[in-house]
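Asks: Below are the sequence and a predicted model; questions follow.
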Amino acid sequence: MSKKRARGHKDRSLGFSTLSVHGGQDRQKPDDSITTPIFQTSTFVFRSLAEGVRYARLRSQGKATRFEYGRYGSPTHRDAERKIAELEGAEAALVFASGMAAVSTALLALVSQGEHIVCGDEVYKKTRDLCQVVLPRFGVETTFIPTTDLRALKRALRPNTAAVLLECPTNPRLFVPDIARTARLVHQHCSARLLVDSTFATPINLRPLELGADLVIHSVTKYLGGHNDILGGAATGSKELIDQVFELHKYLGAVMDAHCAYLLIRGLKTLDVRMRKHNENGLAVARFLARHPKVKTTYYPGLPSHPDYRRARRQMTGFGGVVSFELKGDLKAVGRFMDALTIPYLGPSLGGVESLAYHPASLTFNELSAKERTELGITDQLIRLSCGIEDADDLIADLKQALKRV
């Protein structure tokens, strides 16, 4: 796979590492600081009433050039949004207090009562709950389809379908939908918007807007922040769509705090460097697990055994650090394996510098029956491993000793 150059920046020759560091930021910052300051303020004051009146007039024309109130953003938020937009090749971006705030606000901004959503069946559990439990209360129906099944998508589309939401890759089995074909199908058959949650891929490995998606969602808590120390979300797309989402965002108020925005900028500066290591570790660990006699199935789109391998090779430039796999054995054997791990921490989330091991059936999906979990592909033997940036040899050695307990 060749390393793609960044698109969308004014200098199209810039690579992603350069863009991660410099993208979206003015070189001349307040008091000549090299980093973006934290604007820890709830409001921005006017020097005179006349200045306030001029600002209000420009704001009503969509031409405001300054900030007014913390719920509507700050220079710290602006720099984080610009950087994410440039990395995605987008016209605009908007940050939120969490990934779920980004998903919820985007869907609510694009869908009205009486309209319909098509959603991949292997989306994040809370995204599924939003569509299955919350939105029906407001007269919005959702049809769930296998993420990569274009025929199922075509059957599911209706004249009143307003949004199609997919993850790429999916959580936790890392299926990879064909975004370009999906976008063409959606746009030909209805006026729906295609939303792609690209949290697992990041713009380093996948740029859905280039393939025809209308809006890209991220939980920046994961790879974009990268250090397991923030909660946040982002949406990127055309200025028209982001403005539409922003109008609702102002009402809902799921605002990222300024210090979090600062940490997000800091994390984004090393995104390309970190993703190279995540990609390297993920592939090395996946290859090891795929060969191990105590592992039944390994899910990683960088393996030829994965059903979406060819598609992933075609539309992605890397496959990330998440590897999911099923052990041979019962739940007790799974427990012995996980308790024997010494490098990965045991817990939810992913995309940070520290490796994390997670058991979906016992945690996120524990309220479902065994039958319901099986229908979603969540078996007792399934483990999701988020490989951090530790040495791959050390991770593999740790997995090897833990597998002896199975």
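Replies: Arrived safely, thanks for sending.
Asks: what stretches of the stretch 251-400 of the chain score poorly on pLDDT?
Replies: Of all residues in the stretch 251-400 of the chain, none has pLDDT under 70.
Asks: Number of residues surrounding Thr170?
Replies: The number of residues packed near Thr170 is 26, by other CB atoms under 10 Å. Yep, even glycine has a C-beta here, placed from its N, CA and C like the rest.
Asks: what about it, is that helix, strand or coil?
Replies: coil (DSSP: H, G, I helix; E, B strand; the rest coil).
Asks: Use 9 as the first number for this chain going forward.
Replies: Let's use 9 as the start, then, which means that last one is Thr178.
Asks: Which of the three states applies to the residue lying closest to it once chain neighbours are set aside?
Replies: Take Thr178 and drop its neighbours on the chain: the residue closest to it by CB to CB, 6 or more residues apart in numbering is Glu130, 4.0 Å away. The three-state label for Glu130, taken from three-state DSSP, comes out as coil.
Asks: quick one, what contacts Glu130?
Replies: Thr155, Glu175, Thr178, Asn179, Pro180, Arg181, Phe183, Leu384, Gly385 (CB atoms under 8 Å, 6 or more residues apart in numbering).
Asks: switch to 7 Å and redo it
Replies: By CB atoms under 7 Å, 6 or more residues apart in numbering, the contact set of Glu130 is Thr155, Glu175, Thr178, Asn179, Arg181, Phe183, Gly385.
Asks: Among the residues you listed, which ones are in strands?
Replies: If you go by DSSP state E, the contacts of Glu130 have Glu175 in strands.
Asks: now, the most widely separated pair of the contacts of Glu130?
Replies: Within the contacts of Glu130, two members stand farthest from each other by CB to CB: Glu175 and Gly385, at 13.6 Å.
Asks: Neighbour count: these two, which is higher?
Replies: For Glu175 versus Gly385, the count of surrounding residues by other CB under 10 Å is larger for Glu175: 25 against 17.
Asks: what sits against that one?
Replies: By CB under 7 Å, 6+ apart, the neighbours of Glu175 are Gly128, Glu130, Val131, Tyr132, Asp205.
Asks: what separates it from Tyr77, distance-wise?
Replies: 33 Å (CB to CB, to the nearest Å).
Asks: hang on, isn't Leu271 packed against Ile238?
Replies: Yes - Leu271 lies in contact with Ile238 (CB atoms under 7 Å); the separation is 5.0 Å.
Asks: Domains of the chain: list them as residue ranges, please.
Replies: Following automatic domain parsing, one finds the domains of the chain at 24-47+82-276, 279-411.
Asks: so of these, which one's packed in deepest?
Replies: domain 24-47+82-276 (a mean of 21; mean count of other CB atoms under 10 Å).
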